[in-house]
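Peer 1: kindly return the folded structure for what I paste below:
(one chain, ligands or ions: 3)
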Amino acid sequence: MILIMQVTFYLVFGIMWHFHLCFSAVFYVERMRQHCWRCSNVTFHCSEHSMCLLWVQTIREQLALLTNRPKNLLVYINPYGGKQRGKQIYDHKVAPIFSRASVSTDVIVTERANHARDHLKTEADLKKYDGVVCVGGDGMFSEMMHGLVSRTQREAGVDENSMEETLMPCGLRIGIIPAGSTDCICYATVGSNDPVTSALHIVVGDSQPMDVCSVHNEDSFLRYSVSLLGYGFYGDVLTDSERKRWMGPARYDISGVKTFLSHRYYEGTVSFLPAEGDSGTPRDKMQCRSGCSICLQTSSDQLVSKNEDSCGDTWTVIRGKFLAINAASMSCACPRSPKGLSPSAHLADGTTDLILVRKCSRLNFLCHLLRHTNKEDQFDHSFVEVYRVKQFRFTPRYQECDSEVDLRESGATGKRFLSQICREHRACGCMPSQSNWNCDGEILPHTAIQVLVHSQLIKLFARGIEEQPVFEDPYAQCAI
Ligand SMILES: CCCCCCCCCCCCC/C=C/[C@@H](O)[C@H](COP(=O)(O)O)NC(C)=O
Ligand SMILES: Nc1ncnc2c1ncn2[C@@H]1O[C@H](COP(=O)(O)OP(=O)(O)O)[C@@H](O)[C@H]1O
Ligand SMILES: [Ca+2]
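Peer 2: Ligands and ions are numbered 1, 2, ... in the order given. Now for the predicted structure:
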């Protein structure tokens, strides 16, 4: 029994005991299939009160030594995310686990969009908490992350509008209880979109650092992104789906088909700074897993050279007609695409994978999309390029010619000439059209953007996807 306890102790999270009946139940995590965790318990009976008491005390003392576990959490619930079951999921599946693990909580059910962001940014007394938790989808996570990151920068005196400044990492960890439509951030960091599994990762105090991209337009900060920044296909899907929010998660399927059939392409220029060093490549099949060596290497490199100067680096410039431009800072795995948009992207390596899908036939594009759902390589097409980058920019075509004219003939004549061309082109229907950027499920107000990856800016209550099977706890199974 001592052996069993040693093997599984770090996954023990609670104890309940009954003095008169002389038994104590120890609660622990059991690993199930497909990265799901379940709460199990083993009951110890004892004929002597004093012995039972000793067990309980010893286990409590051992639990108290695990200092990375949260004791106080601030929870935000979006009652309208996904299938609108956030409140129910929290009350029935998550709250009982928190109470079993003696985690105390302050719970806020949001009353409007950006409620959680604004509360975190200005009002919340963060000193009281060891972490913040959101119950909702990727949009809800993004709200909370914005609140927390912006507050951290304000308190540290860092100007978010400046791309030159090094952002301050956030001290509080973020937990995600999936109750949204895509839940890609949860799925890609835990391996499932199961609320109980996420609650258990929170109570055992897991910690997973994560990259955050900042998105700017000229000198103004727009938003942060941790998962997908998508222009063209994913921008259009999101723009169309926002009008169908009442449909719930199915809106993405309907808008996906509609956008696919419209087959629009967009012209513009993408420039980027490639990642250097041992960062691997998007096609190397080295998937980011729990304890990933590439991400660990990134953390130790950061200790050595904080914010190296990128002035000497050379930008790669690519001009063209694109069906989609996607930057995946993590795999973006989700139930719809279990390996994700960039299966080998890393959670915490300080890079993002830039995927360029050039104009091609509908059939070819369909083949590329379908490969997101099966084992085939979605990058193995002549019209798809993928680069691992630490910074990139995009300029849509008409803004390019606007600025080119400005540069060449910075006078009123040039501008008049340009607007005449634009009018003529609009009339004949060949005016270069623009899409929107989908930034973690939010539409950006600008199309010309500059993106910079901030390595390991935040931490989640997660441990990355575990290799399967790690060890199935055969001893724990025997103990039941
Ligand atoms: C014809 C078959 C097409 C299959 C294509 C499958 C590719 C799916 C890849 C999805 C990548 C999702 C990245 C996550 C984005 C979320 O931030 C965002 C917002 O999610 P939320 O509504 O907040 O849960 N969702 C979408 C669809 O834009
Ligand atoms: N109480 C609320 N009322 C309306 N919208 C809200 C509320 N709380 C959060 N939101 C917004 O709802 C949007 C979608 O939330 P999310 O939880 O990501 O669900 P989904 O995955 O279905 O999009 C987010 O952008 C968030 O800002
Ligand atoms: Ca990354």
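Peer 1: residue contacts, whichever residue of the stretch 301-450 of the chain sits closest to ligand 1?
Peer 2: Residue nearest to ligand 1 within the stretch 301-450 of the chain: G441 (2.6 Å; C-beta to the nearest ligand atom). Every C-beta, even on glycine, is put in place using the N, C-alpha and C of the backbone. Counting by C-beta atoms under 8 Å, 6 or more residues apart in numbering, G441 touches G137, D138, G139, S142, T182, L238.
Peer 1: just those: which are in strands?
Peer 2: If you go by DSSP state E, the contacts of G441 have nothing in strands.
Peer 1: tell me the one among these nearest to I59.
Peer 2: Taking C-beta to C-beta as the measure, I59 lies nearest G137 of the contacts of G441, at 36.9 Å.
Peer 1: report the contact partners of the closest one.
Peer 2: Shown in contact with G137 (C-beta under 8 Å, 6+ apart): N78, G81, G82, P178, A179, G180, S181, T182, D183, G441.
Peer 1: one step back: which one in the contacts of G441 is the model shakiest on?
Peer 2: Across the set of those, T182 stands lowest in pLDDT, at 85.
Peer 1: that older thread, can you tell me which of the contacts of G441 comes closest to H263?
Peer 2: Closest to H263, out of all of the contacts of G441 and judged by C-beta to C-beta, is L238, at 17.1 Å.
Peer 1: rewinding a little: okay if I get the contacts of G441 as TSV plus distance to ligand 3?
Peer 2: As requested, those are arranged in TSV below (distance: C-beta to the ion, whole Å):
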residue	distance to ligand 3
G137	21
D138	16
G139	20
S142	16
T182	18
L238	21
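Peer 1: how about a markdown table for those, with distance to F272 added?
Peer 2: Listed next are the contacts of G441 as a markdown table, based on distance: C-beta to C-beta, whole Å:
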| residue | distance to F272 |
| --- | --- |
| G137 | 29 |
| D138 | 24 |
| G139 | 27 |
| S142 | 23 |
| T182 | 26 |
| L238 | 23 |
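Peer 1: in helices only, show me those residues.
Peer 2: Those of these mapping onto helices are D138, G139, S142, L238, per DSSP state H.
Peer 1: I'd like to know how many residues surround the second one.
Peer 2: A count of neighbours around G139, defined by other C-beta atoms under 10 Å, yields 18.
Peer 1: list the residues that contact it.
Peer 2: G139 is in contact with N78, G81, G180, D440, G441, E442, counting by C-beta under 8 Å, 6+ apart.
Peer 1: so where do the strands sit in the stretch 301-450 of the chain?
Peer 2: Ranges of strands in the stretch 301-450 of the chain, per DSSP state E, counting those that start in this stretch, are 316-328, 352-358, 384-396, 437-439, 442-443, 449-460.
Peer 1: lowest average pLDDT across these?
Peer 2: strand 442-443 (a mean of 94).
Peer 1: where do the domain boundaries of this protein fall?
Peer 2: Following automatic domain parsing, one finds the domains of the chain at 1-207, 224-302+312-460.
Peer 1: can you redo these as CSV, where the extra columns are distance to ligand 2?
Peer 2: CSV is the format used below for the domains of the chain (distance: least, C-beta to the nearest ligand atom, whole Å):
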stretch, distance to ligand 2
domain 1-207, 2
domain 224-302+312-460, 6
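Peer 1: the helix or strand harbouring P96 packs against which elements?
Peer 2: Here P96, judged by DSSP states H and E, is contained in helix 95-100. Judged by 3 or more C-beta pairs under 8 Å, 6 or more residues apart in numbering; DSSP states H and E, helix 95-100 is in contact with strand 12-18, strand 104-109, helix 195-203.
Peer 1: just the C-alpha atoms of the helix or strand just after the shortest one, please, in CSV.
Peer 2: On the C-terminal side of strand 104-109, the closest following helix or strand by DSSP H and E is helix 115-118. Output for helix 115-118, consisting of C-alpha atoms alone and laid out as CSV, is shown next (Å, rounded to 0.1, in the frame of the first residue of the first chain):
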residue,chain,number,x,y,z
HIS,A,115,-17.3,41.7,-18.5
ALA,A,116,-14.5,39.3,-17.5
ARG,A,117,-11.9,41.2,-19.4
ASP,A,118,-12.8,44.6,-17.8
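Peer 1: how about the nearest residue to F379 once chain neighbours are set aside, what does it touch?
Peer 2: Nearest in space to F379, with sequence neighbours left out and distances taken as C-beta to C-beta, 6 or more residues apart in numbering, is V386 at 5.0 Å. Contact partners of V386, counting by C-beta under 8 Å, 6+ apart, are P282, R283, S342, D353, L354, I355, L356, F379.
Peer 1: what number of residues lie near the residue in the stretch 101-250 of the chain that ligand 3 sits nearest to?
Peer 2: With C-beta to the ion, the shortest gap between the stretch 101-250 of the chain and ligand 3 falls at D211, namely 4.1 Å. Using other C-beta under 10 Å, D211 is surrounded by 25 other residues.
Peer 1: ok so it is a helix residue?
Peer 2: No - using DSSP: H, G, I helix; E, B strand; the rest coil, the assignment for D211 is strand, not a helix.
Peer 1: show me the contacts for it.
Peer 2: 226, 329-330, 346-352, 453-457.
Peer 1: can we see that at 6 Å?
Peer 2: Shown in contact with D211 (C-beta atoms under 6 Å, 6 or more residues apart in numbering): S329, A348, G350, V453, S455.
Peer 1: now that we have the residues you listed, which one has the most neighbours?
Peer 2: Counting neighbours by other C-beta under 10 Å, S329 leads the contacts of D211 with 29 neighbours.
Peer 1: is it true that that one touches T352?
Peer 2: Yes - here S329 lies in contact with T352, judged by C-beta atoms under 6 Å, at a distance of 4.3 Å.
Peer 1: which residues do the two both contact?
Peer 2: Here S329 and T352 share the contacting residues C213, scored by C-beta under 6 Å, 6+ apart.
Peer 1: need the phi and psi values for the residue nearest the centre of the chain.
Peer 2: Among the residues of the chain, the one closest to the centroid is I185, at 3.5 Å (C-alpha atoms, centre = their mean). I185 adopts backbone torsions of phi -70, psi -40, taken as degrees, to the nearest 10.
Peer 1: now E123
Peer 2: Torsion angles, degrees, to the nearest 10, at E123: phi -90, psi -40.
Peer 1: F272 now?
Peer 2: Dihedral angles (degrees, to the nearest 10) for F272: phi -150, psi 160.
Peer 1: hang on, the earlier thing: state the pair within the contacts of V386 that is farthest apart.
Peer 2: R283 and L356 (13.7 Å).
Peer 1: between the two, which has more neighbouring residues?
Peer 2: Each of R283 and L356 has its neighbours counted (other C-beta under 10 Å); L356 has more, 19 against 15.
Peer 1: much appreciated, bye for now.
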